[in-house]
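Chemist: need a structure here:
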Amino acid sequence: MPQHPRTYDDIIRRTVPEPDSSFRPTTDQERAAFEGERVLSTDEQVLHDKVAAALRGSGLDLAEVSIEIDGTQVTLRGRVDDHHTLPLLENAVRGVPDVGDIVDRVVVDPGR
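Modeler: Got it, this is the predicted structure:
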């Protein structure tokens, strides 16, 4: 049975004839990639900060709502305690410049 590469360097040695050694991910970056964590680009981080500020400024209780950014798409995940909060949440995000699609994965959980 073939042995699978265990590290970034193992993969490079097996797949790239002459690897450019100018960049190597840190151990933390390797761990994050392995666990599926995605680092935001500069533009995505700016958009995340704008959306977070808009949600904080909305006055809604969003302690259990998280924001994910992929390009200009904003995904909201988490729980709120009132169904009236859902459209207010989306309206706050829609008012942020540069927001494209909004994917609403927020559920109503009155007993939270």
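Chemist: which other residues reach whichever strand or helix holds residue 66?
Modeler: Using DSSP states H and E, residue 66 maps to strand 65-70. The contact list for strand 65-70 (C-beta atoms under 8 Å, 6 or more residues apart in numbering) reads 40, 44-45, 47-48, 51-52, 55, 74-80, 89, 106. Backbone N, C-alpha and C define where each C-beta goes, glycine included.
Chemist: report the buried members of these.
Modeler: 44, 47, 51, 55, 74, 76, 78, 79, 80, 89, 106 (16 or more other C-beta atoms under 10 Å).
Chemist: and these as TSV, adding pLDDT, secondary structure and distance to residue 63?
Modeler: Formatted as TSV, the buried ones among the contacts of strand 65-70 follow (pLDDT from 0 to 100; DSSP: H, G, I helix; E, B strand; the rest coil; distance: C-beta to C-beta, whole Å):
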residue	pLDDT	secondary structure	distance to residue 63
44	93	helix	23
47	96	helix	21
51	96	helix	16
55	94	helix	11
74	96	strand	18
76	95	strand	13
78	92	strand	9
79	92	strand	9
80	91	strand	9
89	93	helix	13
106	93	strand	12
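Chemist: just send those back as a markdown table, with distance to residue 66 too.
Modeler: Listed next are the buried ones among the contacts of strand 65-70 as a markdown table, based on distance: C-beta to C-beta, whole Å:
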| residue | distance to residue 66 |
| --- | --- |
| 44 | 15 |
| 47 | 15 |
| 51 | 11 |
| 55 | 10 |
| 74 | 11 |
| 76 | 7 |
| 78 | 5 |
| 79 | 10 |
| 80 | 12 |
| 89 | 12 |
| 106 | 9 |
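Chemist: what residues are up against the closest residue to residue 104 other than its chain neighbours?
Modeler: For residue 104, ignoring the flanking residues on the chain, the nearest one in space by C-beta to C-beta, 6 or more residues apart in numbering is residue 76 at 5.5 Å. Contact analysis of residue 76 by C-beta under 8 Å, 6+ apart lists 65, 66, 67, 68, 89, 90, 93, 102, 103, 104, 105, 106.
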